[in-house]
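Enquirer: Could you look at this predicted model? Sequence included:
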2 protein chains.
Amino acid sequence: MLTLYGMTDSGNCYKPRLLLAKLDRDFRHVEVSSRDGGTRSPDFLAKNPNAMVPLLEFEDGQTLAESNAMLLHLAEGTRFLPVDRYQRALAYQWLFFEQYSHEPYIAVRRALLRFSERAAQATPERLAQTLERGNKALGIMNSWLEDRPFFAGETYSVADIALYAYTHVAGDGGFKLEAYPAVLAWLQRVQNDAGHVDMEWKP
Amino acid sequence: MLTLYGMTDSGNCYKPRLLLAKLDRDFRHVEVSSRDGGTRSPDFLAKNPNAMVPLLEFEDGQTLAESNAMLLHLAEGTRFLPVDRYQRALAYQWLFFEQYSHEPYIAVRRALLRFSERAAQATPERLAQTLERGNKALGIMNSWLEDRPFFAGETYSVADIALYAYTHVAGDGGFKLEAYPAVLAWLQRVQNDAGHVDMEWKP
């Protein structure tokens, strides 16, 4: 059985949990947190020297890091990765957008405001920068979604899973999603897709 | 013919140029720079609202952003994307590592030190943070490469292209690559792979 090391309250960790639930694949959840030193323990560093969750462990003990790499790997051959070459390329594009232009602002601002151990980093400059860049990402997403239902085009894909993870809790970071109506409508479409589970869900 | 919008002096733009050269695919290079406002012109924003290069334009006018998405798209069905499912997953893992844990420190520190318009951002704190995190990334890469020749395992892949782009010029950002002998040996292997071209190369 697959083992998934992660934190319940992390959007990055939610991504593979959501896809595994939709694929109806069994897995073991092991809670490992960056907030209590769990990701920096010698045992965990031996599994992932980058000290990050989620981490996926296969039956043979081999491991895979990076939430969006897990999505691409697990989705191969399923409805969650488009067969059409251009739509598939768009799924790739939005996965990298999520990690470079979205998560470092929208997820980080949520962490700065929500987790006491990050409070010292929540300077006015950092809060202003993450707000500005997070809103830029939301604006780009909103424009894209005005013309199509999902990020890769006509159908739900791993790109929607990746972007849903932190967008649906962006309010925790002080982002006003009501300014982005196409994003709000898309959040609803994601929730309506078959087999959806909430972030708190564990097997 | 494909059109690639980008800056000659950007590692991110070098990635698709290097793969296209190795694939012996013709393309048109159009110089668009983030340093003179080119990426923020109305014409370019209509192509990429995220105001970033590289941008790939196909014969039919459709576009693709995100350098690592281009690598995955262009490499499909070639020797640059492993067929073995686990090795392929490792290629994904290192592509996301590059964008999240490497480029924001190693490429950004190079830009802070090299480009006059970034000098105001080169505060002591920012220089210290990018140095520490960039060295962390190089240390993780070095440990991995002590046990295998390339990032996805036995063979050269898109993961090597992505990580080579800014690692081979990390010295411009003040990183001392001689502290990472396995990385230095890997840089040589990348340069020795058939069809290698330098960052300055354009068609």
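Expert: Everything's here; your move. Numbers count the residues shown, from 1 in each chain, chains lettered A, B, ... in the order given.

Enquirer: A:Leu56 should be in a helix, yeah?
Expert: No. A:Leu56 is assigned strand when assessed by DSSP: H, G, I helix; E, B strand; the rest coil, not a helix.

Enquirer: just checking, it touches A:Leu64?
Expert: Yes. Using C-beta atoms under 8 Å, A:Leu56 makes contact with A:Leu64 at a distance of 4.5 Å. Quick note: C-beta positions are derived from backbone N, CA and C, even for glycine.

Enquirer: Comparing those two, which shows the higher neighbour count?
Expert: A:Leu56 (25 against 22; other C-beta atoms under 10 Å in any protein chain shown).

Enquirer: Sticking with A:Ala185, tell me its helix or strand.
Expert: Following DSSP states H and E, one finds A:Ala185 within helix A:181-192.

Enquirer: So is that helix next to chain B?
Expert: No. Helix A:181-192 does not reach chain B (C-beta under 8 Å from any C-beta of the partner chain); its nearest approach is 13.4 Å.

Enquirer: Can you give me the neighbour number for A:Asp193?
Expert: Neighbour tally, A:Asp193, other C-beta under 10 Å: 17.

Enquirer: tell me, how many neighbours does the residue nearest to it when sequence neighbours are not counted end up with?
Expert: In this structure, A:Asp193 finds its nearest non-sequential neighbour in A:Tyr156, 4.9 Å apart by C-beta to C-beta, 6 or more residues apart in numbering or on different chains. Other residues lying near A:Tyr156 total 22 when counted by other C-beta under 10 Å.

Enquirer: correct me, but A:Tyr156 touches A:Leu81?
Expert: No. In this structure, A:Tyr156 is not within contact of A:Leu81 by C-beta under 8 Å, at 10.7 Å.

Enquirer: And A:Pro203, what's its pLDDT?
Expert: pLDDT, A:Pro203: 85.

Enquirer: Report how many residues lie close to it.
Expert: A:Pro203 - counted by other C-beta under 10 Å - has 14 other residues nearby.

Enquirer: how about the residues of chain A near chain B?
Expert: Checking chain A against chain B by C-beta under 8 Å from any C-beta, the hits are A:49-50, A:58, A:62, A:64-70, A:72-73, A:76, A:85-86, A:88-90, A:92-93, A:95-97, A:99-101, A:103-104, A:139-140, A:143-144.

Enquirer: Which of those residues are buried? Put it as a ChimeraX command.
Expert: Filtering the residues of chain A next to chain B down to the buried ones (16 or more other C-beta atoms under 10 Å in any protein chain shown) takes a single ChimeraX command:
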select /A:50,64,65,66,67,68,69,70,72,73,88,89,90,92,93,95,96,97,99,100,101,103,104,140,144
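
Enquirer: what angle do the lengthiest helix in chain A and helix A:181-192 make?
Expert: The residue-count maximum for a helix in chain A (DSSP state H) belongs to helix A:124-145. Helix A:124-145 runs at 80 degrees relative to helix A:181-192, counting by axes from the mean of the first three to the mean of the last three C-alpha atoms, to 10 degrees.

Enquirer: Give the buried residues for helix A:124-145.
Expert: Per 16+ other C-beta under 10 Å, helix A:124-145 contains these buried residues: A:127, A:130-131, A:133-138, A:140-142, A:144-145.

Enquirer: Columns pLDDT on top of those residues, output as JSON lines?
Expert: Shown next, in JSON lines, are the buried residues of helix A:124-145 (pLDDT from 0 to 100):
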{"residue": "A:Leu127", "pLDDT": "97"}
{"residue": "A:Thr130", "pLDDT": "98"}
{"residue": "A:Leu131", "pLDDT": "98"}
{"residue": "A:Arg133", "pLDDT": "98"}
{"residue": "A:Gly134", "pLDDT": "98"}
{"residue": "A:Asn135", "pLDDT": "98"}
{"residue": "A:Lys136", "pLDDT": "98"}
{"residue": "A:Ala137", "pLDDT": "98"}
{"residue": "A:Leu138", "pLDDT": "98"}
{"residue": "A:Ile140", "pLDDT": "98"}
{"residue": "A:Met141", "pLDDT": "98"}
{"residue": "A:Asn142", "pLDDT": "98"}
{"residue": "A:Trp144", "pLDDT": "98"}
{"residue": "A:Leu145", "pLDDT": "98"}
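
Enquirer: between those, which is closest to chain B?
Expert: Set against chain B, the nearest of those by C-beta to the nearest C-beta is A:Ile140 (5.0 Å).

Enquirer: so what's that closest one up against?
Expert: Shown in contact with A:Ile140 (C-beta atoms under 8 Å, 6 or more residues apart in numbering or on different chains): A:Phe97, A:Ser101, B:Pro49, B:Asn50.
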